[in-house]
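>>> kindly generate the corresponding structure for this input.
(4 chains)
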Number of protein chains: 2
Amino acid sequence: MRRDSRLSGVLHVLLHMANHAGPVTSETLAKAMSTNPVVIRRVMAGLRDQGYVRAEKGHGGGWTLACEPAALTLLDVYTALGEPTLLALGNRTESPGCVVEQAVNAALGRSFAQAEALLRASFADVTLAALAADVRRRTRRAGGKPGMAHA
Amino acid sequence: MRRDSRLSGVLHVLLHMANHAGPVTSETLAKAMSTNPVVIRRVMAGLRDQGYVRAEKGHGGGWTLACEPAALTLLDVYTALGEPTLLALGNRTESPGCVVEQAVNAALGRSFAQAEALLRASFADVTLAALAADVRRRTRRAGGKPGMAHA
DNA sequence: GTTCATGCAATATATGATGTTACATGAACG
DNA sequence: CGTTCATGTAACATCATATATTGCATGAAC
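Purely as a prediction, here's the structure:
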């Protein structure tokens, strides 16, 4: 099944913004992600509505981080994205009349709920600041420069 | 994202077979699942190749369970299906040149690996016999008959 | 008022699960 | 035998959704 990479993409964008002083335009971010500026605006809309980032128009405009990186968790970002489906597996139908269906749904549902809870807990444990620190560590190790070293 | 319901569907089919003495045809199973016989054969192919079920042609043919329900776990079934993707989220690209990408992939990868491991462990803990027992319990509680009480 | 940037709707594309048709193979029954 | 029933499989249609793209409106800075 096709996998949703919006969370990954948004984190990538946020880290670039954290590494950058002034506002960054959708176009710049899009080039760094080799995608389209509209896609950037689309996935950032939720974060903007939550107040995590700010978008300004006109000359010198672009995206700015509007919160403490240490206070923003992956769970916040995931929630701002609209909490897209986490699991690729699901129950066939919700036909409450069939006891077989009920038993299958109950068993799978327990497993699915556990996995979702674990994922959310994992997300809540990681802050943007921690990710940024990891980026700095990797940059030092590679001896490169911090900016957007994209192909 | 659209969710893969093949595991749910196959379990449904296996439970119907466990409740039924003789062979069951794809057509009968398809009606019970309100789908197409070809879909049944497709998702059952892996289980047949693993020897978990048997398929016989001609008059009186159909599908038969070929293993102990207590020995068949959901993990076995999942594996026989070809281990379809468990998580709906994924990493954007595998561009090893970008340290930001590496950091994001590492963080998300840890969460994803944990969740997948938990799911597999959950699956390994449930046997077809346990599911069948749950079906019987639910049937008793509802006062209905065990067969394929589908709409 | 021209340029730059976001906001957003509308549309196109790609992928993968699901549904369907068609035909071949082989077993059981007359 | 041949007929019927069932699976096996390829080929194609359908549908949902993430992703890509175009177009135009809005508003800020020069």
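
>>> is DNA strand C contacted by the host helix or strand of residue A:75?
If you go by DSSP states H and E, residue A:75 is part of helix A:74-80. No - Helix A:74-80 stays clear of DNA strand C (CB under 7 Å from any atom of the strand), getting no nearer than 13.4 Å. All C-beta spots, glycine's among them, are computed from the backbone N, C-alpha and C.

>>> my guess is residue A:39 contacts residue A:30, does it?
Yes - between residue A:39 and residue A:30 there is a contact at 6.9 Å, judged by CB atoms under 8 Å.

>>> distance check, residue A:18 against DNA strand D.
21 Å (CB to the nearest atom of the strand, to the nearest Å).

>>> just residue A:13 next, same as before
From residue A:13 to DNA strand D the distance is 12 Å (CB to the nearest atom of the strand).

>>> and if you look at residue A:61?
The separation that residue A:61 has from DNA strand D, given CB to the nearest atom of the strand, amounts to 7 Å.

>>> and stretch A:10-24 with chain B, contact?
Yes - using CB under 8 Å from any CB of the partner chain, stretch A:10-24 reaches chain B at A:11, A:12, A:15, A:16, A:19.

>>> CA atoms only for that stretch - export them in PDB, please.
Extracted in PDB, the C-alpha atoms of stretch A:10-24 (Å, rounded to 0.1, in the frame of the first residue of the first chain):
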ATOM      1  CA  VAL A  10       6.700  18.400   7.400                       C
ATOM      2  CA  LEU A  11       9.400  17.500   9.900                       C
ATOM      3  CA  HIS A  12      11.900  17.900   7.200                       C
ATOM      4  CA  VAL A  13      10.600  21.400   6.500                       C
ATOM      5  CA  LEU A  14      10.400  22.400  10.100                       C
ATOM      6  CA  LEU A  15      14.000  21.400  10.700                       C
ATOM      7  CA  HIS A  16      15.100  23.500   7.700                       C
ATOM      8  CA  MET A  17      13.200  26.400   9.200                       C
ATOM      9  CA  ALA A  18      14.800  25.900  12.600                       C
ATOM     10  CA  ASN A  19      18.300  26.000  10.900                       C
ATOM     11  CA  HIS A  20      17.400  29.200   9.100                       C
ATOM     12  CA  ALA A  21      17.200  32.600  10.600                       C
ATOM     13  CA  GLY A  22      14.700  34.600   8.600                       C
ATOM     14  CA  PRO A  23      11.500  33.500   6.900                       C
ATOM     15  CA  VAL A  24      11.800  30.800   4.300                       C
END
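
>>> what about it, average pLDDT?
Averaging pLDDT along stretch A:10-24 gives 94.

>>> repeat that for stretch A:36-48.
97.

>>> chain center to that stretch, what's the gap?
Its chain's C-alpha centre and that of stretch A:36-48 lie 11 Å apart, by CA atoms, centre = their mean, to the nearest Å.

>>> list the buried residues in it.
A:40, A:43, A:44, A:46, A:47 (16 or more other CB atoms under 10 Å in any protein chain shown).

>>> where does the second one sit, in terms of helix or strand?
Right, residue A:43. Short version, using DSSP H and E: residue A:43 is in helix A:37-49.

>>> following that helix, which helix or strand comes up?
strand A:53-56.

>>> elements contacting that next one?
helix A:37-49, strand A:62-65 (3 or more CB pairs under 8 Å, 6 or more residues apart in numbering or on different chains; DSSP states H and E).

>>> mind listing what that strand pairs with, with the direction of each?
Strand A:53-56 has the following sheet partners, assigned by DSSP bridges: strand A:62-65 (antiparallel).

>>> can you give the contact residues for the strand it pairs with?
Strand A:62-65 has contacts (CB atoms under 8 Å, 6 or more residues apart in numbering or on different chains) with A:13-14, A:17-18, A:22-26, A:28-29, A:44, A:52-56.

>>> any of those residues buried? List them.
Buried, going by 16+ other CB under 10 Å: A:13-14, A:17-18, A:23-26, A:28-29, A:44, A:52-53, A:55, out of those.
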